[in-house]
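> Here is my input, please return the structure:
(2 chains, ligands or ions: 2)
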Amino acid sequence: MTDPGFWMRLAIAGITATSEATFPENDLGAPDFESTAMVARTLEYFDELPPRQRRLLVLLFVLTELCAGLLSFRLSRFSRLPVRHRTWALHSFRRSDLLVLRVLGDALKATTTMMYMSHPLAIEWIGEYRVCDRPLDPVKIAVRPAALSGATEAGR
Amino acid sequence: MRLAFDDVKAGFETEADVVVVGSGPGGAVAAANLARAGMKVVVLEAGPEVRPEDMARDTPRFLARYFWEGGLRIIMGTAPSPTMHARCLGGGSVVNSAIMLPLPAWVRREWRAESGVAHFDGPELDAAYARVFARCRVAPTPQAVWGRRNHLVRDAVQGVLGESGGGLPRAVHDCEGSSDCLTGCASGRKQSMDRVYLPEAESAGAEVFTCCQVDRVLTRGKRAVGVEGHVVQVPGWQKHGRFRVYAKHVVMAAGTMHTPVILQQSGINPRGLVGATLFCHIGGGLVGIMDEVVDPWVGATQGWGAISQEIRGLKYEGLWASPAALMVRWGDVGRRFVERLDEVKRAAVIACVYRGDVHGTVKASRSGDPNMRLWIPEHNVAPVMRGMKRAADALLALGARYVHTGIVSVVDEMRTPADTESMLSPRVQAKHLAMTMNHTFGSCRMTADDRGPVDPNGKLRGLDGLYLCDASVFPSPSAVNPQATIMALSDITSRKLGGLSLDEAPS
Ligand SMILES: Cc1cc2nc3c(=O)[nH]c(=O)nc-3n(C[C@H](O)[C@H](O)[C@H](O)COP(=O)(O)OP(=O)(O)OC[C@H]3O[C@@H](n4cnc5c(N)ncnc54)[C@H](O)[C@@H]3O)c2cc1C
Ligand code: SF4
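Ligands and ions are numbered 1, 2, ... in the order given. Next comes the predicted model:
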């Protein structure tokens, strides 16, 4: 594998640290950041973005890796903090009275949630399905055509 | 004729009677009318066509490819909020929920009184709505495709609150109830512009160019004479050849954010009024976690709604989208969020959309993307929160285990009416509102006098040959979903320009 370079390595550390903090390994049976390949898929997603937005997201995760520790009162890179502390940090950023921390927390939560929830394992875990198929769609979601009529009967 | 990236990548130069910039609801209606009027029409759309095979349920990838700024656009100001603008053939009509509502009578009266534009409250607008509704096969969403989620919204808003509503009128024929509107309607039920008005324009001779991003309007003296820009490939985002289209008339329909940006970048800004205003609907969403399994992914994306009689300017709507898009602000992070994932199937979502009297601006940034700011007066918070509290109480009355809003200053998981009282606390400020602003308008207002840059004929003041046919001409917020009014106003402006009758019966 080619070396992604200094900034990208920092960004990858930030993505990994944030993904693990938002979707940690768990005993609930729910998929986690690893089984949903969040880091690799986030990088693929970056490649889809227009150049400016890609740069902004890379910067977001570089800053997270470098500064989120300090912002949560620890003198350390974010990825070197225990998972529980990272989760707590993201939780508190999103509830902060400081706009910049709220925006940072919301942006991290939004990016990781979008990546996690679009993985087939997460889709299956929440029980999501559709009433009609998209035969040409590479993302396969369970299809239950009869569900609509059942729901309508129940709603009447 | 429809031209794709491969047909245009080397760049081109051409001539037409009219060049239409943007193929969303505003541009598509204008293109169809002007082509029917016998004019040689060229439509330039920055984005690609989204074919059924491109309509993948991989939400992040879809947003990245077919939305401006990859779907990551934010309106800054009081409460920085996401705002989504499609970048594809058909514009917003491809990704929206296709709700089509005419302006309420009181908004029409206010628009006319405030702007002085007679047709805002005249028979011309009635006739235009009738034509647009007939063409898009607008009909109330049939109960058979509501799914349990829309039924619950009805039970809460109408049953508990006594607000009367119904199946939302939408530009959809034979909906399958797939909840997939945000990533395009692969089965072709939604009557989006790539399926309704643009094919009509093409059969009347219009040429539709995709992947062609206009950079500026060309002028000679006090007249617009065409546009120029560059070809962009998606995915990849590389810039390719340049193009120029010379035309007698330029119709700007690039949407609320891009029309003012293109004009500003062209040095066209009569009296500094272009982009000097911006309006958006504000509000918020409530997620009720019910005792029963709702399976919210079953049923029309937005199938039921009610215009509040109790709070003027407020609308309740049922809502769903793929969890990857909908849940980005939902709940906590870490284990506490993961623990809640098995509750998603019990969710019922009510969106509260409020007209408000926010104001803002749009300015071209150095990168060419719009820079948007919006200020929300504090007095707008009380009606929004009152509407949301009523909806939250209604969901609890229906047996919701708890209700969640994503607003940091209210109780996180509201389980009792005492918890929902927190929504009325003075601690809740405009900066706390959590919303996505998808109804944006009014960046180049149409007024009878020169307070707005656009005159009642849709022409930009101070420059001949340049017309505006999109959401940017709204004089103030519409209070209801804007697409029907964008199309109807574009119908009027383009009929005047093309010399077509303003009272032609719907076909
Ligand atoms: C998720 C979502 C759901 C919505 N649901 C509803 C709903 O149910 N009902 C409703 O009434 N409204 C809804 N809306 C809002 C509605 O879609 C928009 O108000 C409407 O599409 C605006 O129409 P428009 O023609 O003004 O601009 P747009 O639809 O934004 O079209 C402008 C077009 O111009 C193109 N363009 C921009 N810049 C350039 C350039 N430089 N060169 C060439 N082309 C350019 C864009 O790519 C775009 O295709 C929704 C919006 C979103 C995002
Ligand atoms: S709910 Fe599904 S079938 Fe109905 S219009 Fe939307 S995408 Fe099309």
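> Adjacent strands (with direction) for the longest strand belonging to chain B?
Across chain B, the longest stretch assigned as strand under DSSP state E is strand B:239-252. In the sheet, strand B:239-252 lines up against strand B:12-21 (parallel), strand B:223-232 (antiparallel), strand B:466-468 (parallel) (DSSP bridges).
> List the contacts of residue B:260.
Applying C-beta atoms under 8 Å, 6 or more residues apart in numbering or on different chains, we find residue B:260 in contact with B:274-275, B:362, B:364, B:370, B:443-444, B:472. The way it works is simple: take the backbone N, C-alpha and C, and place the C-beta from them, glycine included.
> Could I get the average pLDDT for the longest strand of chain B?
In this model, strand B:239-252 has an average pLDDT of 98.
> tilt between the one helix or strand residue B:29 maps to and strand B:12-21?
If you go by DSSP states H and E, residue B:29 is part of helix B:25-36. With axes from the mean of the first three to the mean of the last three C-alpha atoms, to 10 degrees defining the directions, helix B:25-36 sits at 110 degrees from strand B:12-21.
> from the chain's centre, how far out does helix B:25-36 sit?
Relative to its chain's centre, helix B:25-36 lies at 18 Å (C-alpha atoms, centre = their mean, to the nearest Å).
> got the CA coordinates for it in PDB?
Taking C-alpha atoms only, helix B:25-36 is exported to PDB below (Å, rounded to 0.1, in the frame of the first residue of the first chain):
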ATOM      1  CA  PRO B  25     -38.700  23.000 -11.400                       C
ATOM      2  CA  GLY B  26     -38.200  26.700 -12.400                       C
ATOM      3  CA  GLY B  27     -35.900  26.100 -15.400                       C
ATOM      4  CA  ALA B  28     -37.800  23.000 -16.800                       C
ATOM      5  CA  VAL B  29     -41.200  24.800 -16.900                       C
ATOM      6  CA  ALA B  30     -39.600  27.800 -18.600                       C
ATOM      7  CA  ALA B  31     -37.800  25.600 -21.100                       C
ATOM      8  CA  ALA B  32     -40.900  23.700 -22.000                       C
ATOM      9  CA  ASN B  33     -43.000  26.900 -22.500                       C
ATOM     10  CA  LEU B  34     -40.400  28.700 -24.500                       C
ATOM     11  CA  ALA B  35     -39.700  25.700 -26.800                       C
ATOM     12  CA  ARG B  36     -43.500  25.400 -27.300                       C
END
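> Closest to residue B:69 out of the contacts of residue B:260?
residue B:370 (9.1 Å; C-beta to C-beta).
> who's in contact with the residue lying closest to the closest one once chain neighbours are set aside?
When the adjacent residues along the chain are set aside, residue B:370 lies closest to residue B:257, with 4.1 Å between them (C-beta to C-beta, 6 or more residues apart in numbering or on different chains). By C-beta under 8 Å, 6+ apart, the contact list for residue B:257 reads B:68, B:73, B:83, B:85, B:362, B:370, B:372, B:440, B:443.
> again, only this time at 10 Å
With contacts defined as C-beta atoms under 10 Å, 6 or more residues apart in numbering or on different chains, residue B:257 is in contact with B:68-69, B:73, B:75, B:83, B:85, B:275, B:278, B:362, B:364, B:369-372, B:440, B:443, B:471-472.
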